[in-house]
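**Student:** What shape does this take:
(chains A and B)
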Amino acid sequence: MSTLKVDQVSKLYRATSRAGGLTPALRKVSFDLPPGEVISLIGESGSGKTTIGKILLRLVQPTSGTVTFDGKDIAGYSQRGLREYYRYVQGVFQDPFSSYNPIYRADRVFELLRGAYFPKASAGDWSARIEAALDAVALNPGDVLGKYPHQLSGGQQQRLLIARALLLDVKVLIADEIISMLDASTRVDVLNLLVKLKRQGLAILFITHDLSLGNYVSDRTIILRHGAIVEMGATEKVFGDPQHDYTRMLLSAVPELHKKWQHTPLAAVPAAAVPAAVAANRVSTADGAAATLTQASMLDELSHAEQVVKRDLRAVFGGARAVASGKSQVAVALEPPTLREFEPDHLVADPE
Amino acid sequence: MSVNVANLSVAYRSRRGDVTAVDNVSFTLADGEIMGLAGESGSGKSTLGNALIYLDQRMKATGGTVTVDGRELPIADTRAMRPLRMTEVSLVPQYAMSALTPNRKIGTLMTDLLKSHHVSDRRAVMTELKRRLELIGLAEDVLGKYSFELSGGMRQRVTIVMSTLLNPSLLIADEVTSALDVSTQRAVGEMLLEFRDRGYVKSVITITHDLSILAQIADSIAIMYAGRLAERASTEAIVNGPLHPYTQALIASLPEVGVRHDQVTLTGIPGRPPSLANPPAGCRFRDRCPFAFDKCSQTPPFAEVEPGHSVACWKVSAERGAAAGRAGQEQAV
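**Tutor:** Just a heads-up that it's a prediction; the model follows:
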């Protein structure tokens, strides 16, 4: 059993602007990624979902908290240990077009692996491995081998990258928005491939902002907001009976083919009205609560995270100067909302 | 009819000859209509949108006419188009996130726009601008900010306000919701509806690859495949009763909220669209179409099979023809 375990992981990014300040990308996030399970990690931009993926791939160090793989803390890996780790944990990213070097043939990604991990493999053995991996992702070797990236479709490129991960003894796949740049007609093929790999025992972290895609593939769902988990549990429970207002708002905003949004015309605004009044004007219909939340989410998307962290940092370190100087690289307790069990395998956070 | 596009063809110049990206496309848009234009990448949907407002160096119009409010647009003449842009036809570009110049404040960009279009009563327009910003929940102080100080959703909304500031007859919105989160996506979609309802824009063409967002905001949908229109109908007809095999496959490949892989296995469309540099004769979807038969080696006409519902497919027109024939016989009996 190779379970990837995320335990109380927090990450603070220091702002690059002159004003300084710190942004909490993650606030004490904990979850397990057991074999044979797809977990979708859903959140809006800035919710910290990509940061989790980067931490799991050890591309970014968490500010506090640990990630363990088979009981070993991944932060402690040496160069060689890390190479072994990547044998089991691999990532595929959003933009397939920039994952390849356009001046080389696309299958160079396989050759690079061979140099690093299988220097002793014979040519015949190696091509048999490649064919098996391509077969697993339903690609025809003749269609993709020897081709340049621009000759392949986005879906083919993305599946080739998954095949690259499969060449290793991969146990965990971090799939960060891997289908958001694909056309609807090829998207589904990649999704179905993930389901197939999961049935073979792979653990998959499916990072997305698209709720319907997350719902389609995943066994469990984690909803992130401002770096903290607001709701998590079995997918059918989270989507079937969402408990947190934020999850409900997200679900109400999903465009569906056969159900129209309830469009509430905006009330006329006098020239001097304040934005708060704009939001208040919208609480009128059945869909009103969701509409207000959408509005509120838009208004606070920039400033909320910043304010929370400034407030908390001030409380911990006293005074604005410590905040601006970034003295707080030590583990900072930026308390996320408490998670409570609503029903078995369904946790909901308190409102913030 | 507010907008009428007739037999429009647009080609890209390339070293190996012209590549026709938009091939003989015709449609009309009523006043106040929001038409969604959907298709895969490379289907020519953005080229069509861009051709209506600005043909760049690589593009040339190889045929057809565009009429807006009874006046023909000189789309091939970049100079003559200039005064018409933003006032008659306007565009929200595909990468609206990066469409705002980073070294000028939003307010300066707005005044630049008014100056370059010789708007005489600038103060009145600026008052209107502030009113519109408040309407969509943006504070007036965004005018004093630079584009990088705004979030993606705010930037997208500022760009739409700017594109519609001079009340154009036709707005082309290219992938306006694609890079946004669901909640912001909804806000931007509703904003387009709102601007239409208030008459800030007369007609809108929204270009996207996302059919579910079109189901929310569009009155009618046109599906494009490999440079040609495949189907055009009201949103309800496309969503509930698509006729073209391509549209049917496209809709079948969309997961809906609540559908899980262990209940329903969705299927994609095998194969890839043909290269437009050397397109095959006949129906261009033929190679990927499960219903293809020998007649498909000829180009199917884009024909109206029901009022307001046009399809380019031999199978559909054959079935409709047979059904009509049968109905005729029954009547005769």
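
**Student:** Going by C-alpha atoms from here, please, whenever you check contacts or count neighbours.
**Tutor:** Fine.

**Student:** Please report how far B:Gly64 lies from B:Arg13.
**Tutor:** B:Gly64 sits 18 Å away from B:Arg13, going by Cα to Cα, to the nearest Å.

**Student:** Next: B:Gly49.
**Tutor:** Distance from B:Gly49 to B:Arg13, by Cα to Cα: 18 Å.

**Student:** Neighbour count: the two, which is higher?
**Tutor:** B:Gly49 (21 against 14; other Cα atoms under 10 Å in any protein chain shown).

**Student:** And that one, its phi and psi?
**Tutor:** The phi/psi pair for B:Gly49 (degrees, to the nearest 10) reads phi -60, psi -50.

**Student:** show me what contacts the residue nearest to it when sequence neighbours are not counted?
**Tutor:** Once flanking residues are discounted, B:Gly49 sits nearest to B:Ile172: 6.3 Å by Cα to Cα, 6 or more residues apart in numbering or on different chains. Applying Cα atoms under 8 Å, 6 or more residues apart in numbering or on different chains to B:Ile172 gives the contacts B:Gly49, B:Val89, B:Ser90, B:Leu91, B:Val92, B:Val204, B:Ile205, B:Thr206, B:Ile207.

**Student:** For the stretch 101-250 of chain B, what lies in contact range of chain A?
**Tutor:** B:127, B:130-131, B:134-135, B:137-139, B:150-151, B:153, B:181-187, B:190, B:194, B:209-213, B:215-216, B:239-240, B:249-250 (Cα under 8 Å from any Cα of the partner chain).

**Student:** For ChimeraX, write the selection for the buried entries among these.
**Tutor:** In ChimeraX, this line selects whichever of those come out buried by 16 or more other Cα atoms under 10 Å in any protein chain shown:
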select /B:130,131,134,135,137,138,139,153,181,182,183,184,185,186,187,190,194,209,210,211,212,213,215,216,239,249,250
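
**Student:** burial of the residue in the stretch 251-352 of chain A that chain B sits nearest to, as a residue count?
**Tutor:** Using Cα to the nearest Cα, the single residue of the stretch 251-352 of chain A nearest to chain B is A:Leu257, 4.9 Å away. Residues within reach of A:Leu257, counting by other Cα under 10 Å, total 21.

**Student:** One more: B:Pro83?
**Tutor:** So B:Pro83, with other Cα under 10 Å, has 14 neighbours.

**Student:** Could you do A:Glu236 as well?
**Tutor:** A:Glu236: 18 neighbours (other Cα under 10 Å).

**Student:** How about the contacts made by it?
**Tutor:** By Cα under 8 Å, 6+ apart, the contact list for A:Glu236 reads A:Asn215, A:Asp219, B:Gly258.

**Student:** Among the contacts of B:Ile172, which one lies nearest to chain A?
**Tutor:** Among the contacts of B:Ile172, and counting by Cα to the nearest Cα, the member closest to chain A is B:Ile207, at 13.7 Å.

**Student:** Okay, now the unreliable bits of the chain?
**Tutor:** Because you didn't say which chain, this covers chain A. Chain A contains residues with pLDDT under 70 at A:1, A:15-22, A:263-334.

**Student:** my bad, chain B
**Tutor:** For chain B (pLDDT under 70), the answer is B:1, B:97, B:324-333.

**Student:** in the helix or strand harbouring A:Ser10, what counts as buried?
**Tutor:** Here A:Ser10 is covered by strand A:4-14, with elements defined by DSSP states H and E. Buried residues in strand A:4-14, counting neighbours by 16+ other Cα under 10 Å, are found at A:Leu4, A:Lys5, A:Val6, A:Asp7, A:Gln8, A:Val9, A:Ser10, A:Lys11, A:Leu12, A:Arg14.

**Student:** quick one: strands adjacent to that strand?
**Tutor:** strand A:22-33 (antiparallel), strand A:64-69 (antiparallel) (DSSP bridges).

**Student:** re earlier: from the contacts of B:Ile172, which ones fall inside helices?
**Tutor:** Among these, DSSP state H puts B:Gly49 in helices.

**Student:** Greatest separation within the contacts of B:Ile172: which pair is it?
**Tutor:** The distance between the two most remote of the contacts of B:Ile172 (Cα to Cα) is 14.9 Å, for B:Val89 and B:Ile207.

**Student:** you'd agree A:Ser185 is in a helix?
**Tutor:** Yes: A:Ser185 forms part of a helix when assessed by DSSP: H, G, I helix; E, B strand; the rest coil.

**Student:** what distance separates stretch A:89-106 from the centre of its chain?
**Tutor:** Computed by Cα atoms, centre = their mean, to the nearest Å, the chain-centroid distance of stretch A:89-106 equals 18 Å.

**Student:** ugh, wrong one, I meant stretch B:159-172
**Tutor:** So, by Cα atoms, centre = their mean, the centroid of stretch B:159-172 is 15 Å from its chain's centroid.

**Student:** now do stretch A:76-92
**Tutor:** Here stretch A:76-92 is found 19 Å from its chain centre; the criterion is Cα atoms, centre = their mean.

**Student:** Many thanks, we can stop here.
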